[in-house]
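**Q** Sequence first, predicted coordinates after that:
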Amino acid sequence: MVSYTKMLASHVNQGRHLDALSLFYHLDASSRPQLPRRHHVTKHSLVSDPFVACSLVEMYGKCVSVSSALQLFDEIPHRNLLVWNAMISTYIHFGSGC
């Protein structure tokens, strides 16, 4: 799972959001399908790594929705400066700015 985490973070950090989303859906498809993707990520503690959490917030904001990014942000146990910047940037670029 660590290599998938690194691949996901790499895709998002390099701006390849469709590749990241495709990989994320592939990972989700191989897991229990009755769980929403956001809870699947949290349940498997991927968001405990601040770099992965930051990448996921950015990916949700750019590829899914700002509200989904905010829900994920709220589930992150340790929000550092990187994660806060990702959420603020998501609001600035894709949200209502409030």
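**A** Good, I have the coordinates. Numbers count the residues shown, from 1 in each chain.

**Q** Does residue 51 belong to a helix, a strand or coil?
**A** Secondary structure, DSSP: H, G, I helix; E, B strand; the rest coil: residue 51 is helix.

**Q** pretty sure it contacts residue 9?
**A** Yes: contact between residue 51 and residue 9 holds when scored by Cβ atoms under 8 Å: they sit 5.9 Å apart. Heads up, the C-betas are built off the backbone N, CA and C, glycines and all.

**Q** Could you check which of the two has the larger neighbour count?
**A** residue 9 (21 against 15; other Cβ atoms under 10 Å).

**Q** Distance check, the residue nearest to the spatial centre of the chain against residue 93.
**A** Nearest to the mean C-alpha position of the chain, counting by Cα atoms, centre = their mean, stands residue 56 at 1.5 Å. The gap separating residue 56 from residue 93 is 16 Å, by Cβ to Cβ, to the nearest Å.

**Q** and what of residue 71?
**A** 18 Å.

**Q** One more: residue 63?
**A** Taken as Cβ to Cβ, the span from residue 63 to residue 93 is 13 Å.

**Q** Neighbour count for those two, which is higher?
**A** Neighbour count, other Cβ under 10 Å: between residue 63 and residue 93, residue 63 has more, with 16 against 12.

**Q** residue boundaries of the helices in this structure?
**A** Along the chain, counting by DSSP state H, helices occupy 2-13, 17-29, 37-43, 50-59, 66-75, 81-94.

**Q** mind putting the ones you listed in TSV, mean pLDDT included?
**A** Shown next, in TSV, are the helices of the chain (pLDDT from 0 to 100):
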stretch	mean pLDDT
helix 2-13	78
helix 17-29	76
helix 37-43	49
helix 50-59	85
helix 66-75	88
helix 81-94	88
